[in-house]
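In: Task: produce atomic coordinates for the following.
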Amino acid sequence: MHMKWLYKLIEWFRRVMYGRYGSDQLSVALLIFYIIVVLFAQFLRMPALLIVGYAILIISFFRMLSKNISARRKENELFLKVYRPVKSFFKTRIIRFKQRKQYRFFRCPTCKTTVRVPKLGKKISITCPHCGNKFTKKA
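Out: Residues are numbered from 1 along each chain as shown. Below you'll find the model as predicted:
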C-alpha cells in the first residue's frame, strides 16, 4: 500500500511520454557531453561554458520529448554515421593494445588490410588472407 504513489507516478509518466520520441544514442551522447561540459565549467570557473552546458541539456530533453519521430530518427542516423566509425577506430586500438605482447599488426602493401601475426622476433613471410599477396616483415 505504501508504494501506491510510485505506481501513480509511473502511470503519469507513461501517459506523458505516450507518442513521444524518447531517448536514443544521440540523446545519451548529448547528456554525457552535458556532464563533461558542466564539470569543465566548474573546474575552470567559466559561467559562459555552464550556459553552453545548459543549452546542450535543453536540446537533449527537447529531442526526448519531441513528437516529430521521423525528424529525430534522421538526426540519430546522421549521428550514428559519424559515431560508428569513431567507435570502431578506438575499439580496434584498444584490442591491439591489449594484444601487443602476443601479436604484431602489419598492413598489406597491396590491399591495406591489417594482418595479425604472432610475435616471434625474427623475419617471417606473411601471406595476406584478403588478396593473397606475400610480404616479409620482422615479427
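In: rest of the way, CA atoms for contacts and neighbours
Out: Noted.
In: quick one: low-confidence parts of the chain?
Out: For the chain, the stretches with pLDDT under 70 are 1.
In: where do the strands sit along it?
Out: 103-107, 114-118, 123-127, 134-138 (DSSP state E).
In: Of all the ones you listed, which one comes closest to Val82?
Out: The closest of these to Val82 is strand 114-118. By CA to CA, the value is 22.1 Å.
In: May I see the buried residues of the closest one?
Out: Buried residues in strand 114-118, counted by 16 or more other CA atoms under 10 Å: Val115, Arg116.
In: Need the contact partners of stretch 102-121.
Out: Stretch 102-121 has contacts (CA atoms under 8 Å, 6 or more residues apart in numbering) with Arg96, Lys101, Cys128, Pro129, His130, Cys131, Asn133, Phe135, Lys138, Ala139.
In: Could you measure from Gly22 over to Lys67?
Out: Using CA to CA, to the nearest Å, we find Gly22 at a distance of 9 Å from Lys67.
In: likewise Gln42?
Out: Distance, Gln42 to Lys67, by CA to CA: 34 Å.
In: and these two? which has more neighbours close in?
Out: Shown here are Gln42 and Lys67; by other CA atoms under 10 Å, Lys67 has more neighbours (16 against 13).
In: All set, thanks.
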